[in-house]
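K.L.:
have a look; sequence and predicted model below, questions after that.
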Amino acid sequence: MDKAKAIIDTMMSKDAFSQWLGIERLEEAPDFCKLRMIVRPEMCNGFQIAHGGITYSLADSALAFASNSHGKQAVSIETSISHIRPLVCGDVIIAAATQKSATNKIAVYEVVIQKENAELVALFKGTVYIKDKEW
């Protein structure tokens with residue numbers, strides 16, 4: 001079995017929040033992950049748009065899976081998001097996390113969140129600390 005897939009399988013099996021989000025794994029490789037999900041009614045706020053935490057959470061899960069997929073355990077130490085367009089119930093969104101730079105201990109990832117039609121909805125940046133502990 002592919003190492004990245006096995007690591008993400010293990011992480012996802014214990015990740016109740018990502019499971020609640022309804023995340024579907026589309027693609028995974030060392031230092032990369034692409035996820036898909038559908039915005040549900042309980043994810044929307046009083047304006048009837050997706051709560052900002054929804055895109056943030058999807059991006060955070062993509063960051064976690066991508067940054068751990070190379071074999072060493074990694075945890076986020078700083079994250080930020082720019083919300084570009086609102087989402088409504090029923091929107092299908094895809095998050096793709098890609099490593100942009102890395103040292104032995106620190107790595108930076110960009111997560112691009114788009115609707116299924118490739119319309120950009122958010123940009124997320126995450127910095128992780130890479131532990132010495134192997135998966």
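P.N.:
Perfect, thanks for sending it.

K.L.:
my guess is Val112 meets Leu123, correct?
P.N.:
Yes. Assessed by CB atoms under 8 Å, Val112 is found in contact with Leu123 at 6.3 Å. Quick note: C-beta positions are derived from backbone N, CA and C, even for glycine.

K.L.:
the protein: strands as residue ranges?
P.N.:
24-29, 32-38, 72-83, 92-102, 106-115, 120-134 (DSSP state E).

K.L.:
just checking: what are the partner strands of the third one?
P.N.:
Listed by DSSP bridges, the sheet partners of strand 72-83 and their directions read strand 120-134 (antiparallel).

K.L.:
list the buried residues of the partner strand.
P.N.:
Judged by neighbour count (16 or more other CB atoms under 10 Å), strand 120-134 contains these buried residues: Val121, Ala122, Leu123, Phe124, Lys125, Gly126, Thr127, Val128, Ile130.

K.L.:
got it, and stretch 47-58?
P.N.:
Along stretch 47-58, these residues count as buried under the neighbour rule (16+ other CB under 10 Å): Ile49, Ala50, His51, Ile54, Thr55, Tyr56, Ser57, Leu58.

K.L.:
make a markdown table from those residues and add pLDDT to it.
P.N.:
Output for the buried residues of stretch 47-58, formatted as a markdown table (pLDDT from 0 to 100):
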| residue | pLDDT |
| --- | --- |
| Ile49 | 97 |
| Ala50 | 97 |
| His51 | 97 |
| Ile54 | 97 |
| Thr55 | 98 |
| Tyr56 | 98 |
| Ser57 | 98 |
| Leu58 | 98 |
